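Trainee: Sequence plus predicted model, see below.
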Amino acid sequence: MNNKKPSGPGSRLTRRDAMASGAAGSATLLLGTPPSVRAARVAGAKSVIQIWMWGGPAHLDTFDPKPDAGHDYCGPYVSPIETNVSGIRICERLPLLAKQADQYSIIRSMTHGNNGHETASYITQTGRPAGTSDVYPCAGAVVSHFKGYDAGYKGLLPPYIVLTRPQGRFSESGFMGLRYKPFATGGNPAAPVFAVEGIVQPGMGEERQRSRRKLLHALETFGEKMKGNPEFALMDSCEEQAYELLLGDAGKVFDVKTESDVLRDRYGRSEFGASCLVARRLVEAGVPYVTINYNGWDTHKKHFEIMNSKLTEMDRGFSALLQDLGDRGLLESTIVWWGGEFGRTPQVQWEAPWNGGRNHFGKCFCHVLAGGGFAGGHVVGASDGKGMEVAERPVYPWDLIGSIYEQLGIDTHARLPHPQGLDVRVCPTEEDGITLGGRLREIMA
Amino acid sequence: MCGWSRIEWRVAVAAGMLAAAGTAFATVDRASAKIDKLVFAKLDELGIPASDPCTDEVFLRRVYLDMTGTLPSAVETRAFLSRNSANRRGELIEQLFEREEFSDYWALKWCDLLRVKAEFPSKLWPNAVQAYHRWVRTAVDENMPYDRFARELLTASGSNFRVPQVNFYRAMPNRTPESIASIVALTFMGMRTENWDRGQLEGVAAFFGGVAYKGTAEWKEEIVYSDPARQFMDPATGQPVQPVFPGGQLAAIRPGQDGRELFADWLVGSNVFAQNIVNRIWYWLMGRGLVHEPDDIRPDNPPQNQQLLDFLARELVESGFDLRHVYRIILNSRTYQLSSIHNEGNLSDQANFSHYHVRRLDAEVLIDAICQITGTTESYSSAIPEPFTFIPENQRSITLADGSITSPFLELFGRPPRDTGFESERSNDPSAAQKLHMLNSTHIVQKLSQNRSLMGMAVPDERRAKKGKEPPPASWLPLDEALDNLYLAILSRYPTPEERQVAVSHITATGSRWDATIDIIWALLNTKEFIYRH
């Protein structure tokens, strides 16, 4: 999307059903219905890159500055900078992102009201209220069902990849189970060799891999006796799949050394910067959902010291990702979703033991969306003068995640596979006892 | 803590258990024979031939894994295989009941069902998790009668730190009486209340209308108690709901009476209570319940063998709810000790126990086995930076109390998230990602060469080990002995002549005993024989 303003209603695409998913093969393994990718419009988005701001980044010190609120709220950040969209200002520590505000939209009225990491993470990642008897899958698992193997995805790379560690606060796939969990790469993409667990093994050449495989088969004494036993059919096909990945070229997608130094510098040589670059490469290779778990935003103490260094790193990686996706024509088909489980208390805790920290704040915070049909250059909703309350247009996590699903062409009323066969749908409705803020029509092309 | 405690058991052994052993085994033998009679009668009826009995090597490995979630060591394997006793299998079963790992492993299972986890969706928090796990483990260790175990969980009141059983009522995503009733039905009756009609659920919920919670001045302490003033009100009418037992019989809670007590009295006397637990034990040991799924008991899902289910339930009740008695009579049966290798007539049999069901090792059991073999440790982490969530590296993962403490390996291999208490939460299905991890991950690769004696070193040479260089010939054990050790440690048996030949050829072809040995360890850890219970 290179247009500064969202396209008007006149440009809305005709409503028609997307193609039914192809050979869904194993879709019936779980008791769910086969995925119905029935889009309200032709889906522009094919992939999602989620920058998960683990710990909860301060909204005042990122995309919702409040320079007039005074020292007790702003600390040292009193001079937000103008972006390339007039009227939108962001934190002065984000100069590179300021040059690209036309590419993304800021939602300044995110709210769910929960201040606990675990519950807030659950709500923001699943788009579901907490306290139900079922544990729901997070967005990546849902997308993995509708865009992954169940929907005919044939890529060798797993359809849902996490860089580099699993989220860990709750089971990402909830009741949908192991099949929909993300593949966590482990390793460090900024290291000389990004040792992706199981795929990239430094010092293990292809010849030794083949000789080992021969040895393994020669020593499968019990496996030989069990030949033809259906118990092992799945295990055998998993071995086939694994070897295709570790012997072939598929694993090279993780190697950022093939990119130019100029580009790698633009992303930054940090773990986060390199993760953003790998994420782009994965999306380019057709992976539908990539999460970058960006840790370290739970800044109870030394808040501003930490922000001073981390914001620079984030600014670099995030802005380079947007630009690179744009340059390659991938931004139109890739949603970039930035945000954490909550914001942080607008009022700085100057007192001991915090000595300048910010606490958890789920009542009002911001998220950012770019690409995949979301218009850039907009601000959705607003917080009050001190970032304490949503002032207008509340957006709940289910509104935001539902909008992402729509852009991907996922029918938000479709059934999810459930181990006990219960009838559960992709998105909650008012019948589930929630308040709806409404999908993000303001920025949906 | 209760009746048939560990201490009493030991006293019995010392005082006259040996004299009584003949009678005790005779009783067990009779019950085991009855199990076989009922299983084989069913197989005859269906015309399915049973597999052969398993070998001693296979039995040893199987019973260690099934009872203790732990692989036998090379030393234990040698000792068992060289033991001269007509009843060495039965004797081994008795020894394994006394192992710490037996209590660890079954506490792990129970904590899966009870959703023992510091955070989300159950919010027990780390210190209450430790107290609760300790209580459960002690109950297993002392073989607390099962009716007492259930009653304690259902009726206790007090602080989550000091009366750990009360955490039963805290390990729930929400605390409405209906939600409590659903969890009670699932846990102790193996029934899913989605299949109940609304009135039935509300009738049971009414017993739990008085369950109340309050905080204290201590951080994250919570009191669970019964408040006689509270009742479960019908949301539609605003009137108190009449308590009804699951069978349909009306109940009356007297003023001041704790509805939970009334329900517990009914529960422990019910058939479904005994049938549920013996069915679960059968499922845990045999890989498939007599009622399948093991927590889906309902009239329109009959057991594969009703007589067998009834028999096991009767054995449980008559033994005074002694769970070990039920384990014992199953483990000593011919049925349990059948080979997993199919014959022509039973390849497709899934449901009738004509052969032992192969199952991938549980995530925790698999990583513990790998660590035991390679002499390595694991690191665990929790997202909750609190005391009780930092775990020493040498701790075995079957002893982890808290579902929130984890490792990437455990997540990858399908450890249950402890969200719902369903048995199906534990996934032992293989995946390509798991296979990649076993074949090629740094995590596994780094473990392979750590154990000097497994590598076949006569004298551990730390200096050379650090440099990873080929050791001089003098530090190697004779190849035959080294291969024996490898096979005993990993597959709990001696290598066959053919396997020896394959290994020797590989060493010759590789030209480096060091590299070749790593390859052999790697290969054995990737065989089905290692990855599966069989």
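Mentor: Okay, I see it. Predicted model only: the values in this text are computed from it and were never measured.
Trainee: List the contacts of the residue of chain A positioned farthest from its centre.
Mentor: What lies farthest from the middle of chain A is A:Lys225; by CA atoms, centre = their mean that is 45.4 Å. Contact analysis of A:Lys225 by CB atoms under 8 Å, 6 or more residues apart in numbering or on different chains lists B:Ile341. C-beta coordinates here come from the backbone N, C-alpha and C atoms, glycine included.
Trainee: give me phi/psi at it?
Mentor: When read as degrees, to the nearest 10, the backbone of A:Lys225 gives phi -70, psi -30.
Trainee: Tell me how far it lies from B:Glu344.
Mentor: Distance, A:Lys225 to B:Glu344, by CB to CB, to the nearest Å: 13 Å.
Trainee: One more: A:Gly329?
Mentor: As for A:Gly329, its distance to B:Glu344 is 60 Å (criterion: CB to CB).
Trainee: More neighbours: which of these two?
Mentor: Using other CB atoms under 10 Å in any protein chain shown, the more surrounded residue of A:Gly329 and B:Glu344 is A:Gly329, with 9 against 6.
Trainee: roughly how far apart are the more buried one and B:Arg513?
Mentor: When A:Gly329 is compared with B:Arg513 (using CB to CB), they lie 55 Å apart.
Trainee: tell me the contacts of the residue of the stretch 301-450 of chain B at minimum distance from chain A?
Mentor: Per CB to the nearest CB, B:Leu436 is where the stretch 301-450 of chain B lies closest to chain A, at 3.0 Å. Residues in contact with B:Leu436 (CB under 8 Å, 6+ apart) are A:197-199, A:242, A:245-246.
Trainee: Report pLDDT for the closest residue to B:Thr216 other than its chain neighbours.
Mentor: Leaving aside its chain neighbours, B:Thr216 sits nearest to B:Ile223 (6.4 Å; criterion: CB to CB, 6 or more residues apart in numbering or on different chains). B:Ile223 carries a pLDDT value of 97.
Trainee: residues contacting B:Ile223?
Mentor: Going by CB under 8 Å, 6+ apart, B:Ile223 touches B:157-160, B:166, B:213-216.
Trainee: Distance check, it against A:Cys238.
Mentor: B:Ile223 is 49 Å from A:Cys238, by CB to CB.
Trainee: got it, and B:Thr176?
Mentor: Distance from B:Thr176 to A:Cys238, counting by CB to CB: 42 Å.
Trainee: go on, B:Asn526?
Mentor: 12 Å.
Trainee: If you count surrounding residues, which of the two has more?
Mentor: B:Asn526 (21 against 18).
Trainee: Look up phi and psi at the more buried one.
Mentor: Here is the backbone geometry of B:Asn526 (degrees, to the nearest 10): phi -100, psi 0.
Trainee: my read: it touches A:Leu216, true?
Mentor: Yes: counting by CB atoms under 8 Å, B:Asn526 touches A:Leu216, with 5.4 Å between them.
Trainee: on that earlier part again, within the helices and strands, which one has the residue nearest to B:Thr216?
Mentor: Secondary structure from DSSP states H and E places B:Ile223 in strand B:222-226.
Trainee: residues of the helix or strand just after that strand that come out buried?
Mentor: With elements assigned by DSSP H and E, the helix or strand that comes after strand B:222-226 is helix B:259-268. Across helix B:259-268, burial judged by 16 or more other CB atoms under 10 Å in any protein chain shown covers B:259-260, B:262-264, B:266-268.
Trainee: cool, and stretch A:347-357?
Mentor: A:347-349, A:354, A:356-357.
Trainee: can you list the residues that contact it?
Mentor: Outside stretch A:347-357, the residues within contact range by CB under 8 Å, 6+ apart are A:72-73, A:75, A:299-304, A:358-359, A:386.
Trainee: count of residues packed around the residue in chain A positioned nearest to chain B?
Mentor: Going by CB to the nearest CB, chain B is nearest to A:Gly198 of chain A, at 3.0 Å. Counted with other CB under 10 Å, the neighbours of A:Gly198 add up to 28.
Trainee: Please report the distance of B:His437 from B:Glu100.
Mentor: For B:His437 relative to B:Glu100 (CB to CB), the value is 29 Å.
Trainee: which of the two has more neighbours?
Mentor: Taking neighbours as other CB under 10 Å, B:His437 and B:Glu100 compare with B:His437 leading, 22 against 13.
Trainee: correct me, but that one touches A:Ile199?
Mentor: No: applying CB under 8 Å, one finds B:His437 not in contact with A:Ile199, separated by 9.7 Å.
Trainee: so where do the strands sit in the stretch 351-500 of chain B?
Mentor: Under the criterion DSSP state E, counting those that start in this stretch, the stretch 351-500 of chain B contains strands at B:359-360, B:381-382, B:405-406.
Trainee: And for chain A?
Mentor: Counting by DSSP state E, chain A has strands at residues A:47-53, A:81-82, A:89-90, A:104-110, A:160-163, A:183-184, A:289-294, A:334-339, A:343-344, A:360-361, A:365-370, A:379-380, A:382-383, A:390-392.
Trainee: tell me, which of these is the model least confident about?
Mentor: strand A:183-184 (a mean of 92).
Trainee: Can you list the strands that it pairs with?
Mentor: Using DSSP bridges, the strands paired with strand A:183-184 are strand A:160-163 (parallel).
Trainee: And the residue of the stretch 301-450 of chain B closest to chain A, how far from A:Lys363?
Mentor: From B:Leu436 to A:Lys363 the distance is 43 Å (CB to CB).
Trainee: Equivalent analysis for B:Thr377, please.
Mentor: 43 Å.
Trainee: which of the two has more neighbours?
Mentor: Between B:Thr377 and A:Lys363, counted using other CB under 10 Å, the more crowded position is A:Lys363 (20 against 14).
Trainee: Is it correct that that one is in contact with A:Thr111?
Mentor: Yes: between A:Lys363 and A:Thr111 a contact is recorded at 5.9 Å, counting by CB under 8 Å.
Trainee: Overlap of the contact sets of these two?
Mentor: Here A:Lys363 and A:Thr111 have A:Val390 as joint contacts, going by CB under 8 Å, 6+ apart.
Trainee: quick check: domain ranges of chain B?
Mentor: B:6-53+B:271-349, B:145-252, B:449-533 (automatic domain parsing).
Trainee: Among the ones you listed, which comes closest to A:Val390?
Mentor: Closest of the domains of chain B to A:Val390 is domain B:145-252, at 26.1 Å (criterion: CB to CB).
Trainee: hmm, back to that, can you redo the domains of chain B as JSON lines with distance to A:Phe146?
Mentor: JSON lines is the format used below for the domains of chain B (distance: least, CB to CB, whole Å):
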{"stretch": "domain B:6-53+B:271-349", "distance to A:Phe146": "27"}
{"stretch": "domain B:145-252", "distance to A:Phe146": "25"}
{"stretch": "domain B:449-533", "distance to A:Phe146": "31"}
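Trainee: Mind checking these for the one nearest to B:Leu400?
Mentor: Across these (criterion: CB to CB), the nearest stretch is domain B:145-252, sitting at 15.9 Å.
Trainee: Now do that closest one: distance from first to last residue.
Mentor: By CA to CA, to the nearest Å, the extent of domain B:145-252 from end to end equals 28 Å.
Trainee: how about low-confidence regions in chain A?
Mentor: Within chain A, the set of residues satisfying pLDDT under 70 comprises A:1-43, A:167-169.
Trainee: Show me what from the stretch 51-200 of chain A comes close to chain B.
Mentor: Taking CB under 8 Å from any CB of the partner chain as the contact definition, the stretch 51-200 of chain A meets chain B at A:116-119, A:122, A:130-135, A:158, A:165-166, A:168-171, A:174-175, A:177-179, A:181, A:183-184, A:186-187, A:195, A:197-199.
Trainee: Quick one: buried ones out of those residues?
Mentor: By 16+ other CB under 10 Å, these give A:116-119, A:122, A:130, A:132-135, A:158, A:165-166, A:168-171, A:174-175, A:177-179, A:181, A:183-184, A:186-187, A:195, A:197-199 as buried.
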